[in-house]
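>>> Here's my sequence, what's the structure:
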Amino acid sequence: MGRRPSGRRVSEVVASSAGRYGALDALRGVALVWMTLYHFGFDLSHFGFWPQDFHADPLWTVQRTLILSLFLLCAGMGQALAGHQGVPWARFGRRWGQIVLCALLVTAGSALMFPRSFIYFGVLHGMALMWIVARLTLGWGRWLWLAGLLAVASPWLAQWLLAGPLAAWADAFNGRPLNWLGWITRKPVTEDYVPLFPWLGVFWWGVAGGQWLLAQRAHWLARPLPGRGGAALALLGRHSLSYYMLHQPVLIGALLLWGRIAGA
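Numbering: from 1, shown residues only. Modelled structure (predicted):
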């Protein structure tokens with residue numbers, strides 16, 4: 001039997017292929033498939049093919065929370081791996097700029113489709129800000145677990161304060177200039193809302209989890225992906241931003257075409 005490679009050695013082997021970690025890409029691919037099924041159901045409901053309450057029914061609200069959490073955990077782990085690989089600020093900035101551009105396109109597209117509830121701080125807007133914060137706090141190490149817990153808990157503390165001792169400030173934090181923080185007493189009217197808090201906490205947990213894996217269980221990232229399905233998920237996960245931007249126009253276009261054919 002050969003000697004088992006150290007965590008650092010396995011990490012280097014896993015990262016050697018274009019800087020990718022197949023297990024993380026596949027996990028991100030799972031999130032994309034789940035998101036697509038969720039959005040397909042939402043689109044069916046929006047166009048009247050399958051009436052559902054996506055804003056209040058726990059079947060859908062809980063799924064949204066789980067899908068978003070999985071995305072942010074993967075994104076946080078990705079930042080941990082990028083820090084481990086020494087990705088320079090220039091490369092980071094190019095990718096960050098792509099996210100910001102896509103966020104602006106989402107705002108413009110949603111304003112056309114939902115003029116009264118367009119997306120002004122959705123998942124891409126939130127992720128763009130979280131990327132910067134995560135990059136600046138990579139050195140916090142295990143303190144990221146505590147920081148994440150405080151971030152997740154902060155909206156509940158804010159609600160208590162704004163409903164009591166700081167009630168005079170409630171309208172300010174509920175307004176659009178500040179509600180991106182997440183310290184609100186009423187939710188804004190928008191099709192997607194991913195404020196900095198509590199979601200930065202989930203992102204931080206992803207960073208902390210990624211750093212722990214690299215230090216203690218790097219061989220988990222080196223495990224081969226099972227079959228063609230795993231490889232397909234990894235391929236999908238490598239192109240997550242492009243897929244995210246394209247999947248809804250394709251779904252909506254297909255449903256509009258189906259509606260026209262069915263009504264002909």
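>>> tell me the contacts of S154?
G182, W183, F197, P198, G201 (C-beta atoms under 8 Å, 6 or more residues apart in numbering). Using the backbone N, CA and C atoms, a C-beta is placed for each residue, glycine as well.
>>> nope, F121 is what I was after
Neighbours of F121 in contact, by C-beta under 8 Å, 6+ apart: N179, W180, T190, Y193, V194, P195.
>>> same question, A128
Neighbours of A128 in contact, by C-beta under 8 Å, 6+ apart: W96, I99, V100, A103.
>>> quick one: contacts for the nearest residue to the first one once chain neighbours are set aside?
Put plainly, it is W96. Excluding its sequence neighbours, the residue lying closest to W96 (C-beta to C-beta, 6 or more residues apart in numbering) is W131, at 5.6 Å. Contacts for W131 (C-beta under 8 Å, 6+ apart) come out as A75, Q79, F92, W96, I99.
>>> count of residues packed around G229?
Neighbour count of G229, defined by other C-beta atoms under 10 Å: 11.
>>> Same question for the host helix or strand of it: list its buried residues.
In the assignment (DSSP states H and E), G229 maps to helix 227-238. Using 16 or more other C-beta atoms under 10 Å as the test for burial, helix 227-238 gives G230, A231, L233, A234, L236, G237, R238.
>>> Show the subsequent helix or strand relative to it.
helix 240-263.
>>> Buried residues, that next one. List them.
S240, Y243, Y244, M245, Q248, L251, I252, L255.
>>> how far does that helix sit from the chain's center?
Put simply, helix 240-263 sits 21 Å off its chain's centre (C-alpha atoms, centre = their mean, to the nearest Å).
>>> Tabulate the contacts of S154 (JSON lines), appending distance to P155.
Putting the contacts of S154 into JSON lines (distance: C-beta to C-beta, whole Å) gives the following:
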{"residue": "G182", "distance to P155": "5"}
{"residue": "W183", "distance to P155": "6"}
{"residue": "F197", "distance to P155": "5"}
{"residue": "P198", "distance to P155": "5"}
{"residue": "G201", "distance to P155": "10"}
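>>> Now for those: which two are most distant?
For those, the maximum inter-member distance is 13.2 Å, found between W183 and G201 (C-beta to C-beta).
>>> Low-confidence regions, this protein specifically.
In the predicted model, the chain carries pLDDT under 70 at residues 1-19, 222, 224, 264.
>>> Which residue ranges of it form helices?
7-15, 22-46, 58-85, 89-113, 123-136, 143-162, 170-174, 176-179, 196-216, 218-221, 227-238, 240-263 (DSSP state H).
>>> Buried residues in the third one, which are they?
Same thing as helix 58-85. Going by neighbour count (16+ other C-beta under 10 Å), the buried part of helix 58-85 is 60, 63, 67-84.
>>> Next up, the contacts around the closest residue to G22 other than its chain neighbours.
Counting by C-beta to C-beta, 6+ apart, G22 lies nearest to A234, which is 4.8 Å off, once chain neighbours are set aside. Applying C-beta under 8 Å, 6+ apart, we find A234 in contact with R20, G22, D25, A26, G29, L225.
>>> picking up where we left off before, any chance of the buried residues of helix 240-263 in JSON lines, with distance to T107 too?
Shown next, in JSON lines, are those (distance: C-beta to C-beta, whole Å):
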{"residue": "S240", "distance to T107": "19"}
{"residue": "Y243", "distance to T107": "19"}
{"residue": "Y244", "distance to T107": "14"}
{"residue": "M245", "distance to T107": "13"}
{"residue": "Q248", "distance to T107": "14"}
{"residue": "L251", "distance to T107": "19"}
{"residue": "I252", "distance to T107": "17"}
{"residue": "L255", "distance to T107": "22"}
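>>> Pick out whichever of those sits closest to L161.
Out of the buried residues of helix 240-263, the member with the shortest distance to L161 (by C-beta to C-beta) is Y244, at 35.0 Å.
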